[in-house]
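Colleague: Dropping the sequence and predicted coords here.
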Amino acid sequence: MDDSLSLSNPSMSRRQLLNFFSGAIVAATASAALYPATRFFVPPAENTDADGSILAKDQIGHPIPASQILAEAPGTRALIAGLAGEPTYLTVREDGTLEPMGIVNNCTHLGCTFPWNPVDEQFQCPCHGSRYDAQGSVERGPANRPLKLVHVQVKDDYVWISPWQEIDPRTGEKPWWV
């Protein structure tokens, strides 16, 4: 009886073994490189309320407490990241609450963002000179449509933003953005 192993026909050659290890290393390296890239292109899930509202956030994505905005003087306009990250102005009213209507800070001419000018009490787009009043209606072109609106609610010291889909109170018509 022969107790030795037969080496004439091994189940895997050295070349196959090295090819297997090389392939495993390449696959592991590619996976490690692709994971962060795919995470970059997949947007994070939004915290939404039952009615589709999202939390108002600051420019780096942290929720903003309502008390922080309401601590400002009446008439102050706070700029937050609203729906789809669009910059949105919230207004503190005289009674210390937030205006239930927020104004999206994108010019309806070419989509520029612009500041609120407290001296002239209007939104002034620096790109092509469009001017909007305090409610977002066009005062001077080339923009020909009012600014988009959003609903604003305060719940449990957080500001919730939801899309405006009702009749636009400034024009009395269906909003152009719906």
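Modeller: Yep, it's here.
Colleague: got the contact list for the residue lying closest to Arg145 once chain neighbours are set aside?
Modeller: Leaving out its chain neighbours, the residue that sits closest to Arg145 by C-beta to C-beta, 6 or more residues apart in numbering is Thr108, at 4.2 Å. Quick note: C-beta positions are derived from backbone N, CA and C, even for glycine. Under the criterion of C-beta atoms under 8 Å, 6 or more residues apart in numbering, the contact list for Thr108 reads Ser130, Val138, Ala143, Asn144, Arg145, Pro146, Leu147, Lys148, Trp176.
Colleague: pLDDT value on the spatially most central residue of the chain, please?
Modeller: Here the mean C-alpha position of the chain is nearest to the C-alpha of Gly85 (C-alpha atoms, centre = their mean), at a distance of 2.1 Å. For Gly85, the pLDDT comes out at 79.
Colleague: Now the residue nearest to Arg145: which helix or strand?
Modeller: Secondary structure assignment for Thr108, by DSSP states H and E: no helix or strand.
Colleague: now the one 5 residues further on
Modeller: Assigned by DSSP H and E, Thr113 falls within no helix or strand.
Colleague: Grab the nearest non-local neighbour of His151.
Modeller: Excluding its sequence neighbours, the residue lying closest to His151 (C-beta to C-beta, 6+ apart) is Ser162, at 4.4 Å.
Colleague: got it, and Pro100?
Modeller: Among residues not flanking Pro100 along the chain, Val152 sits closest, at 5.5 Å (C-beta to C-beta, 6+ apart).
Colleague: Mind checking what secondary structure the one you found has?
Modeller: Using DSSP: H, G, I helix; E, B strand; the rest coil, the structure places Val152 in strand.
Colleague: report the longest helix in this structure, please.
Modeller: When the chain is parsed with DSSP state H, its longest helix is helix 14-41.
Colleague: State the distance from the residue nearest to Pro100 to Gln59.
Modeller: The spacing between Val152 and Gln59, counted by C-beta to C-beta, to the nearest Å, is 18 Å.
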